[in-house]
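S.K.: fold the following.
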Amino acid sequence: MPNSNEVRSIIRKAMRLSVPVMLEEALGTAVQYVDAAMVGRLGASASAAVGMTSSVSWMVNSPIWAMGVAVMAVISRAEGAGDYRRSKEAAVQSVWLAVGVGALLTAVTQLIARPLPGWMGAEEFGAELERFNADMTDVLGQVGLLK
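M.R.: Numbering: from 1, shown residues only. Here you go, the predicted model:
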C-alpha cells in the first residue's frame, strides 16, 4: 500500500500529464464555438449546418483519438519496461496504422459526403453547402490558392 506522499506524487504526475490533453479538448471545443459564432451571422440554416457537421466531426475523429490512446499505451509500456526496441517498432507501426486508418476514413467520408445531409434529414443544407463550396473554390482560385 503506497503511503500518502507516494499517492500525492502520483496524483501530481497524472495532473501534469493531463494538462496538454485538457488544453487540446478545450481548444477543440473553442473552435466549434467560434465556428458557430462566425456562421451564426449568416442565418439559421448556416448555424444548423455547423451543428450538423460538429457531430459528424466527432464521429469521424473518435477512432483516430482512440487509436492514439492505444498506441501511446503500447509505447509507454515498452518504454517503462526499458524495451526501447519494442517501443521503436510500435512507433513505426503506429505511423503505418495512422496512414491506413486515415486513408480508410478519408475514403469513407468522401463516399458518404453527398448523401449524409439527406440521411440526417437536412437535404436543403446539402445544396446550400455545395453552393458555398463552389463559391469558396471560385474565391480561392481567383486569389491563386487553387489552380
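
S.K.: the residue sitting nearest the centre point of the chain and residue 42, how far apart?
M.R.: Centroid-nearest residue in the chain, with CA atoms, centre = their mean: residue 61, separated by 4.0 Å. Remark: distance between residue 61 and residue 42 (CB to CB, to the nearest Å) = 25 Å. Every residue, glycine included, has its C-beta placed from N, CA and C.

S.K.: could you report the neighbour count for residue 66?
M.R.: 11 (other CB atoms under 10 Å).

S.K.: residue 52 is in contact with residue 119, isn't it?
M.R.: No: using CB atoms under 8 Å, residue 52 is not in contact with residue 119; the gap is 10.6 Å.

S.K.: between those two, which is the more surrounded one?
M.R.: Using other CB under 10 Å, the more surrounded residue of residue 52 and residue 119 is residue 52, with 18 against 9.

S.K.: all helices for this protein, in order.
M.R.: Secondary structure of the chain (DSSP state H): helices at 4-40, 44-80, 84-112, 116-119, 123-142.

S.K.: any buried residues in the first one, and which?
M.R.: Spelled out, that is helix 4-40. Neighbour counts over helix 4-40 (16 or more other CB atoms under 10 Å) mark 35, 39 as buried.

S.K.: any idea of the mean pLDDT in it?
M.R.: For helix 4-40, the mean pLDDT works out to 84.

S.K.: by how many degrees do that helix and helix 44-80 diverge?
M.R.: Taking axes from the mean of the first three to the mean of the last three CA atoms, to 10 degrees, helix 4-40 and helix 44-80 form an angle of 150 degrees between their directions.

S.K.: helices or strands up against helix 4-40?
M.R.: Secondary-structure packing of helix 4-40 (3 or more CB pairs under 8 Å, 6 or more residues apart in numbering; DSSP states H and E): helix 44-80.

S.K.: which positions in the helix it packs on come out as buried?
M.R.: 46, 47, 49, 50, 52, 53, 67, 71, 74, 75, 78.

S.K.: can I get these in a markdown table with distance to residue 86 and pLDDT?
M.R.: Output for these, formatted as a markdown table (distance: CB to CB, whole Å; pLDDT from 0 to 100):
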| residue | distance to residue 86 | pLDDT |
| --- | --- | --- |
| 46 | 50 | 73 |
| 47 | 49 | 75 |
| 49 | 46 | 72 |
| 50 | 44 | 73 |
| 52 | 43 | 74 |
| 53 | 40 | 74 |
| 67 | 18 | 89 |
| 71 | 13 | 91 |
| 74 | 9 | 92 |
| 75 | 9 | 92 |
| 78 | 4 | 93 |
